[in-house]
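Asks: What follows is a protein structure lacking sequence information:
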Ligand code: HEM
Ligand SMILES: [Cu+2]
C-alpha cells in the first residue's frame, strides 16, 4: 500500500473539524444560549445524532463493502449497551429518588436524602 | 505555588518514599549510562511495535506496580495489627487504601493480563503481529504514562483519598480540594485510552488474522476469552471515560454534574462507575479463566472438557456482566423492586461460572496430571475461587447485603475472587509462557516455595476477614477496637507470608536468569496443544515462517500427528514487517505532561500540551512508512539455526 499515491484526506479533515465544531456548538447551547430547557435538550439530542452520523460515514467505513458483517454486529451490540445504560440509569436512579416533591408515591423511603435536592 | 505545596511534606514515610524514588531512578540512570545502554533502550524497547516485546513490557510494568501496591497493602496491615502505634493517621490511611485498590485493579491486573494477551494471542492464532502494531505501542505507552501519573501523586501534590470507587460527593472539589482526585481522574483517563485501543486491536486481530482453517470454534480457549474480554472492554470502558470526563469538568471547570449543590446528582457517579466497574471485574477474570483452561487441559494431557459449553459460558457471563451493576449499591435505596431485579441477575451469573468450575473438574477427572508449577497454581485456584464465588452469591441477596455491605466480608469476597482468580492466573500464565518469552525456564524448587507461601499466606490473610465482617468491622477503617484485634493480627501475619511469597517469586526470576539452561525445544513443557508451542524458542520476530492448516482447537496435536512444523521450505514467502517508531512514546509522553498540568489546573500549560498532541496526530496521519520485507533466504537461515537443536 505504500506504493499508492496519497490523496489528501479531505474527508477525514472535514469530519474531524465538523465533529469538534458540533461539540462546541452543543456546549455553547447548554451553557450560554437562552433557549428554554426543553429546546436545549432537543437541540443537543439532534446534534448528537448528527455527530453519530458523521462518525459512521466519515470514519467508520459504514459504506465500504467487502469487510463481512462485523460492523453491523458491533453496531447492534452497541445499541443494546447504550439502551441498557440509558434505561438502566433511569430505572435505578428515579425509583425512590425524584425531584418531584409534589407527588405522594415516592416519599416513603428516602426522606432524609430528599433534603439535598431542596431549593430549586 | 510554593515548592513545599508542590511536594508533599511532613510525613516521614513519604520522605522514605521520595528517597526510594530518587535512589531507584538514580540507579537506573547510572546503569544505563555506565553500560552505554541508552541507544539499546531506545532502539529495542521504547520504539518497538513488536507485540512480543510490548507484552514483556506490560508484564514488567505490572510487576513493578504489584510491588508498589503490595507495599501499600503491608502498610495497611501493619496499621491494623498495631492500631495504637499510630503508624498511619486517618488521612494517610485513606490515601494508601485508595492507591492500593486503584493500582491493583488498573495497573497490576489489567497490564499483566493484557501483557500475556499481547504475547500469546497472535502466537495462538498464527498471526505475525497485532492488526495495528503502531496502535499497540501507543496503548502500552499510554498505560505506562497513566500509571506513572497516578504513582507520582503521593510525593507531588498529594495522593487521591476517596477510595478506588472515588464516590461523589466526597470526591468533588468542595470536599476534596487540591490535586489528589485529579490524579485519579487523569491517570485513569490516560491509561483508559490504551485499554480501549487494545480492546479494539485485539478484537480486529482475532477476527481477521487467524491461520487458515481456524474457524471461531477452533480457536484456543484463551483466545476465545480474550475475544470476549475485548468485547467487554469496548463497551464498558467508554462509560468510564465519560464518567471521568464529567467529574473532571466538575472539578476543574466548576460544573454541577455530581455535586450536592446546583441540582447535581452525586449518586449518578456510583451508577456510572459500576456500569463500568462490574464489567471491569469480569474483564480481569475472563482472561484468567482462559489461562487456567489452557494450563489445566495441557497438564491433564486431555482435551478441555466441554469446549463449546466453556465458550458459551464465557459469552453468557459477558452478557450478564452488563446487567448486574446495581448489586454494588443495593443500600443506596433504589427500592425493593429495583434491588430484586438485580439480585436475580447477579445470582444468575453464578450459573455459567459454576458450569466452568465443573468443566475444569471434569477435565482433570481420571486424567494423568503432570504437576508442573503452572498446574499447581491452577489447581489451587479452583477451590479458593469457589469460596469467593459462593460468598459473592451471598452478597448478591439484596436483603442480606444490607448486613454485609462495606464490611470486611465484602473485602474478603473480592480478594477471594481477584487473588485466586486473576493473580494466580497471572503467575500461572507467566510461568507457563515464560520459556517462550525468554528462552529459559523458571526454577521449579523456588517456584514451589513461592506457590505455597503465597497460597497459605493468602488464606491466612483473607479467611479471618470474613468473620471480621460478620463481627461488624467496616471496611476502610484506620483504627480498630480490641474485639477485632486477634483476627486482624492473624490477617496481618498472613499478609507478610504472602509478601514473602512474592519476594521468592521475583527472586526466582533473577535466579533462573543466571542458572537455567538455554536451548529449549519449541514445545517446552512437552504438553503444549496450541500453535504458540509450534514456534521455535525463542520466537523469531516474524513468529511463523509458514502456517499449517488448522483442523481443531488443539492445532499442535494435529500437527504432531501429521509431522508438520511452522517451517515448510516449499511454502516460504517473503514477510512484510512494520518499522519501529518513536512516535507512540513521544505522543503519550506529551499527553503525560498535558495531564500533569491539568491535575494542577494550569490551563495554559495544559493547552500547550494539547496542541503538542494534535501536532503528533498530524505527523502520524501523514506518515506513509510502509515497513520492510524479510526475504526467503533470511527466513530459512533464521529457522534453520533456531531449529538446529529442535528434534521434532
Ligand atoms: C459468582 C460470581 C460473583 C457474584 C455473585 C458477586 C457478587 C458481588 C456483590 C453482590 C458485590 C457487592 C457487595 C457489596 O458491596 O455489598 C460484589 C463486590 C465485588 N466483587 Fe463480586 N461477585 C462475583 C464474582 C466476582 C469476581 C469474579 C470478581 C473479580 C475478579 C469480583 C470482584 C468484586 C469486587 C472488586 C467487589 C467490590 C467492589 C468494591 O466495593 O470496592 N466479584 N460482588
Ligand atoms: Cu459486581
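Replies: Good, I have the coordinates. All values derive from a computational prediction rather than experimental measurement. Ligands and ions are numbered 1, 2, ... in the order given.

Asks: CA atoms for contacts and neighbours, from now on please.
Replies: Fine.

Asks: And the residue of the stretch 501-648 of chain B found nearest ligand 1, how far from residue B:468?
Replies: The minimum distance from the stretch 501-648 of chain B to ligand 1, using CA to the nearest ligand atom, falls at residue B:502 (19.6 Å). Plainly put, residue B:502 is 25 Å away from residue B:468 if you go by CA to CA, to the nearest Å.

Asks: Ok, residue B:83 next?
Replies: Distance from residue B:83 to residue B:468, by CA to CA: 16 Å.

Asks: When the two are compared, which one has more neighbours?
Replies: residue B:468 (23 against 18; other CA atoms under 10 Å in any protein chain shown).

Asks: element containing the more buried one?
Replies: Assigned by DSSP states H and E, residue B:468 belongs to helix B:444-470.

Asks: which strands and helices sit next to that helix?
Replies: Packing contacts for helix B:444-470, counted by 3 or more CA pairs under 8 Å, 6 or more residues apart in numbering or on different chains; DSSP states H and E, involve helix B:373-396, helix B:408-417, helix B:485-515.

Asks: Between the ones you listed, which one is closest to residue B:301.
Replies: helix B:373-396 (11.3 Å; CA to CA).

Asks: any idea of the mean pLDDT in that closest one?
Replies: Helix B:373-396 comes out with an average pLDDT of 96.

Asks: Check whether it comes into contact with ligand 1.
Replies: Yes: using CA under 6 Å from any ligand atom, helix B:373-396 reaches ligand 1 at B:389, B:392-393, B:395-396.

Asks: Which of those residues lies at the shortest distance from chain A?
Replies: residue B:396 (16.4 Å; CA to the nearest CA).

Asks: ok, that closest one touching residue B:343?
Replies: Yes: taking contacts as CA atoms under 8 Å, residue B:396 lies within contact range of residue B:343: 5.5 Å.

Asks: Roughly how far does the closest residue to ligand 1 within chain A sit from residue B:275?
Replies: Here chain A gets closest to ligand 1 at one residue, residue A:92, 15.8 Å apart by CA to the nearest ligand atom. Separation of residue A:92 from residue B:275 (CA to CA): 12 Å.

Asks: next one: residue B:463
Replies: For residue B:463, the distance to residue B:275 equals 29 Å [CA to CA].

Asks: between those two, which one's more packed in?
Replies: residue B:275 (26 against 20).

Asks: in a strand, that's where that one is, yeah?
Replies: No: the assignment for residue B:275, made by DSSP: H, G, I helix; E, B strand; the rest coil, is helix rather than a strand.

Asks: And the closest residue to it other than its chain neighbours, what's its pLDDT?
Replies: Among residues not flanking residue B:275 along the chain, residue B:325 sits closest, at 5.5 Å (CA to CA, 6 or more residues apart in numbering or on different chains). On pLDDT, residue B:325 comes in at 96.

Asks: And residue B:325, how far from residue B:202?
Replies: From residue B:325 over to residue B:202 the distance is 25 Å, taken as CA to CA.

Asks: again with residue B:482
Replies: 51 Å.

Asks: What of residue B:340?
Replies: On the measure of CA to CA, residue B:340 and residue B:202 end up 36 Å apart.

Asks: Compare these two (neighbour count), which wins?
Replies: Set residue B:340 next to residue B:202 and count neighbours by other CA under 10 Å: residue B:202 wins out with 26 against 17.

Asks: what is the mean pLDDT for stretch B:630-640?
Replies: For stretch B:630-640, the per-residue pLDDT averages 89.

Asks: Could you count how many residues lie near the closest residue to residue B:446 other than its chain neighbours?
Replies: In this structure, residue B:446 finds its nearest non-sequential neighbour in residue B:508, 5.7 Å apart by CA to CA, 6+ apart. Using other CA under 10 Å, residue B:508 has 19 neighbouring residues.

Asks: mind giving me the domain split of chain B?
Replies: Using the TED database, the domain parsing of chain B gives B:1-35, B:36-643.

Asks: Highest mean neighbour count out of the ones you listed?
Replies: A comparison of the domains of chain B by mean neighbour count, using mean count of other CA atoms under 10 Å in any protein chain shown, puts domain B:36-643 on top with a mean of 20.

Asks: Any idea how far that domain is from the middle of the chain?
Replies: Taking CA atoms, centre = their mean, to the nearest Å, the mean C-alpha location of domain B:36-643 is offset from the chain mean by 1 Å.

Asks: what's the first-to-last distance across it?
Replies: OK, domain B:36-643 end separation, CA to CA: 32 Å.

Asks: what does chain B put close to chain A?
Replies: Within chain B, the positions adjacent to chain A are B:235, B:260-261, B:263, B:267-268, B:271, B:275, B:322-323, B:326, B:333-335, B:338, B:624-626 by CA under 8 Å from any CA of the partner chain.

Asks: So which of these belong to strands?
Replies: Assignment to strands by DSSP state E places none of the residues of chain B next to chain A there.
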